[in-house]
Structure formats: structure tokens, C-alpha cells
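Asks: mind looking at a prediction? Sequence and model below.
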Amino acid sequence: MAKTSVLIATMWALLQRFGTMLISFSTNIVLARLLMPEDFGTIGMLLIFIAVANTFVDGGLGAALIQRSSLTQEDKSTVFFSNLVLSVFLYLILFASSPWIANFYSTPLLSDLLRAQGLVLILQAFGVVQTALLSKSLDFKKISMSNLVGNLLGAITGIVLACCGFGVWSLVAKALATTLVTTILLWGLGGWLPTLCFSFLSLKKLFGFGGFVLLSSLMMTISNNIQTAILAKMFQADIVGNYTQARTLRNVASDSLSSVVGQVLYPDFSKNQNDNDVLERKLSLSLSLLSFFSIPIMCLCIINADFLIHTLYGAKWDVAIPYFQILCIGGFFIPLQDVNISIIKAKGKSKILFLCNFFKTCFLCVMIIAGGLLWGIYGFIWAMVLYVFIAALTFNILSSYYLKISFFKQVKDVLINLAIFVTPLLVIFFLKERFDNFSSIVQVLLSSSIYIGLSVSLVFIVNPTAMVYLKSKVIK
């Protein structure tokens, strides 16, 4: 695959990710000021059910279309109709089970909320094949345009309804409007239409790979969302709301780069799945660059957590400040996990990926329940951080094994970047008490300036791989 194609695809993926992130982030700030923590906590109770159901629709067969080297119209149509039937079936399950879910959380409103938000599944199913085909051809321009417009119109819908006093229903309407508009645009720009054909043989072949990707994605979805479900059962809705907002703010910084890289690198890795030398170089550079950018961003978020929460959400969200700081420590490792998962998927090891994610999810449940029972909400959050670290370590070891490279060779640059950027963070925490007499904005400027200055100095002294690569590109 030409470097130019990958670069252009990356630029469009970046535009999509950071554009949608900006829209979602801005909308979340407005809605956080219009709504209460309890509203976000209530909708947070539903996330795992919608996310798990959506994974069945969006998880496996779309990835199989990308991974497969050649496709027929029969393959594409088979996946389309399979996803559509499955989405209707899953929605009916959610519809029927919603009263029991509402009773489990002792929140009657959840029944109607789940039935309404569950319609996202059917809308999402219409766009799975369109997105997979555009991703396979690295045509992220059309994907980006569809997602940006969809998120913008969804945001407007949610804010207008929140201003009109619809409360938690404005969050449901936002999700529905976003998915509907995005799907319509994908059909308009995608250029592919299904035909009335279906092949069980094609489904079987695609599911041979996609089935384990689906199960693996399901485990990933559960592990990413089950903490909110468990949290909602163990603690009150306002604590769930504060945790949800802290995690959302952390994800803006931690997930943005990794999702862009993963979105582009998985198709690129798949094209080179039989060349370990190429994959090793791409993996090493990706890990070095990701850690070079993501770790200092997380550190700056930790340093300025008070200012960020106060300025963005208001004083009623102060409880979320320490939650956010602790979660940002886990954010050091999230991008590293995602890149290694892309390598394992590209090598076709979907069964191993599923088994790993299954045991990882079981381990997560035990950790966060134990942490919450023994040490309350802070034990719960610190257990999340430990889990993210162990998960990243596990996938690093797996990708090293399949590429037949040394684990320590793979993580060397990451450890160097971690030392470079965490050291100034410790210095700032030692000095921060001396800034208490200054205004909040002065504290932010002083802390950030000192951190950036120390970090830049260490970068030029140590000269890590990421810096060498970036300098070579600038000179070229």
C-alpha cells in the first residue's frame, strides 16, 4: 500500500476523530451545565446493554470484509442482510427485557429509555457494510464527512431538547439523531447498494474469521462498559454521573490518537500480514509516536484537572476531579493496547484475541468489585487503572510472540518516553503547593509552562526514537 494513501487516510481519519471529538466535547460541556449528574448517571446505566448489542451488529462481519483480500457482491449483501436481521432480533430482546433491567437498578424510567435508545441498533446496522468497504479502500474522506455532519446535527438536537427541559431524554435524542444522519450520509456517499442475494457459504467463510473478532469485540465492549454497570449497582446515580463525566473527559485525550491510528493501521497491517519485518517496523514506530504524544497529554490533564473540571462543567462536578486524575494515569497505557490489538487481528489470530479478552474481562470484574467493596469508589477507580496496565502488557506480549520479536525491544521506547514525561509531572506536584496564592489561570500557566519546559529539555537530552523520526521528517 502506497505511503501516500496511508498518509491521506490518516489525515482524514484525524479530521474525523478530532472533529467529532470537538463536537462531542463541546456538546458534553453544554449538556453538563444544563443537566444534572443524575441524568448522566441514569443514561450511563444503559450503556453496557446498548454497547453489547451494537457489538453483535458492528463487531465481526464488518472486520471480516476488511481483512479478506477479495470480495464478491454476494459477500457484501450477505453481511448486510445478516446484520439487519440480527439488529432487529437484538432490539426485540432489549425491548422485552427492559422492565427487568429497570427493576434491577430500581429505576423505572430506564425501561422507556432503553426501548427508545435501542433503536440505534437498527439504524447502525444499515451503515456497517458501507463503513467497512470505505475503510478497506482507505476512503476515510467520506466516512469523515458522514460522521462530522451526523455528530453536529445530533449535538444540536440534544442541546435544543435539553434547553426545552427534556432532561435525560435529550441524551437519547442526541444518540438517535447522530446515528440516523450518519447512516443516511454513508449511503449517499458510499456508492454501494445491496442486491437481493444471500449465501450461507459466504456467511460461514466470513464468520470463520469474523466470528472470533465478534466475540473478541464483545469482550472488549463488556470490559469497557461493565464498570459503569457495576458502579451503578454499587453506588448512587450522582457518583455514577461524576465517574462517567470524568471518564468521558479522560477518553477525549487518551482515545483520540489511538482510535485514529487503529482505524488506519488495521487495514494497513492486514495488507502486510505475512511480512513480519514490515509489521515490526510499523508497530515499533507506532508505539513510540503514540506514547510520545499521549503520555504528556495525560500528564497535563492531571496537572490541570481542577481548572478543567471547574471551567468546563462548573462547581457541581467537583467530585469528578480526583476521579479524572486517577483515570488519566490509566490513560498512559490505552493507546499502546489498541495498536497491539490491531497487529493481532491483522495476523488473523481472532480466536486467541477472543480468549484473551474473555479472561481479561473476567479479571476486570473481579478487580473492580473487590476494589469497590474494600475501598469504595477510589478502590474501584484504582482497580481500573491496574487493569488497563495489565491489559496493555498482555497484548504487548502477544504481539511480540506473533511477530517473533523481543518483548523488551518493543516496549523500550515506551519506557523511555514514560520516564521522560512522568519525571516533570512529579516535579510539578512537589512545586504546586507554592502556587496556591495565585489565581487559577496563573496556576495553570505556571504549572503547564514548567512541565512543558522540563519535558522539552529532557526530550532533547535523551533524544528518543520518536523525536529522531520527527526531526528526520521535518528536515526532509
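Replies: Yep, that arrived. Numbers count the residues shown, from 1 in each chain.
Asks: what is the least confident helix or strand in the protein?
Replies: None of the helices or strands of the chain scores lower by mean pLDDT, DSSP states H and E than helix 61-67, at a mean of 71.
Asks: distance between that helix and the chain's centre?
Replies: With Cα atoms, centre = their mean, to the nearest Å as the basis, helix 61-67 stands 19 Å off its chain's centre.
Asks: likewise stretch 296-303?
Replies: 18 Å.
Asks: can you check stretch 408-427 too?
Replies: On Cα atoms, centre = their mean, the centre of stretch 408-427 falls 23 Å from the chain's centre.
Asks: which residues are contacting it?
Replies: By Cβ atoms under 8 Å, 6 or more residues apart in numbering, the list of residues contacting stretch 408-427 from outside reads 283-284, 287-288, 291-292, 295-296, 299, 302-303, 332, 336, 396, 399-400, 450-451, 454-455, 458-459, 462, 464-466. Any C-beta I mention is one placed from the backbone N, CA and C, and that applies to glycine too.
Asks: strands of the stretch 251-400 of the chain, residue ranges please.
Replies: Counting by DSSP state E, counting those that start in this stretch, the stretch 251-400 of the chain forms no strands at all.
Asks: low-confidence bits of the stretch 51-200 of the chain, can you list those?
Replies: 58-60, 63, 67-69 (pLDDT under 70).
Asks: hmm, 80 instead?
Replies: Residue ranges of the stretch 51-200 of the chain with pLDDT under 80: 53-72, 135-140, 190-191.
Asks: one more: the stretch 351-476 of the chain?
Replies: 351, 353-354, 357, 432-433, 436, 473-476.
Asks: returning to that earlier point: please indicate which of the contacts of stretch 408-427 are buried?
Replies: Buried members of the contacts of stretch 408-427, counted by 16 or more other Cβ atoms under 10 Å: 283-284, 287-288, 291-292, 295-296, 299, 302-303, 332, 336, 396, 399-400, 450-451, 454-455, 458-459, 464-466.
Asks: picking that back up, what helices and strands are in contact with the least confident helix or strand of the chain?
Replies: Packing partners of helix 61-67 (3 or more Cβ pairs under 8 Å, 6 or more residues apart in numbering; DSSP states H and E): helix 73-104, helix 128-136, helix 200-234, helix 237-271, helix 334-346.
Asks: and these: which comes nearest Leu161?
Replies: Of all the helices and strands packed on helix 61-67, helix 237-271 sits nearest to Leu161, with 18.3 Å by Cβ to Cβ.
Asks: list the contacts of Thr248.
Replies: Thr248 sits in contact with Asn28, where contact means Cβ under 8 Å, 6+ apart.
Asks: please renumber so the chain begins at 684
Replies: Taking 684 as the first residue, the last one we looked at is Thr931.
Asks: pLDDT at it, what is it?
Replies: At Thr931, the pLDDT value in this model is 86.
Asks: just the one 10 residues further on next, same as before
Replies: As predicted, Ser941 sits at a pLDDT of 60.
Asks: before we move on, what about Ser899?
Replies: Ser899 carries a pLDDT value of 69.
Asks: returning to that earlier point: what's the most buried one of the helices and strands packed on helix 744-750?
Replies: The highest average neighbour count among the helices and strands packed on helix 744-750, using mean count of other Cβ atoms under 10 Å, belongs to helix 1017-1029 at a mean of 25.
Asks: for Leu879, see how far away Asp1096 is.
Replies: Distance, Asp1096 to Leu879, by Cβ to Cβ, to the nearest Å: 52 Å.
Asks: between these two, who's got more neighbours?
Replies: Asp1096 (19 against 6; other Cβ atoms under 10 Å).
Asks: name the element that one belongs to?
Replies: Assigned by DSSP states H and E, Asp1096 belongs to helix 1090-1114.
Asks: distance between the next helix-or-strand element following that helix and the chain's centre?
Replies: Where DSSP H and E defines the elements, the next helix or strand beyond helix 1090-1114 is helix 1123-1145. The chain centroid and the centroid of helix 1123-1145 are separated by 28 Å, computed with Cα atoms, centre = their mean.
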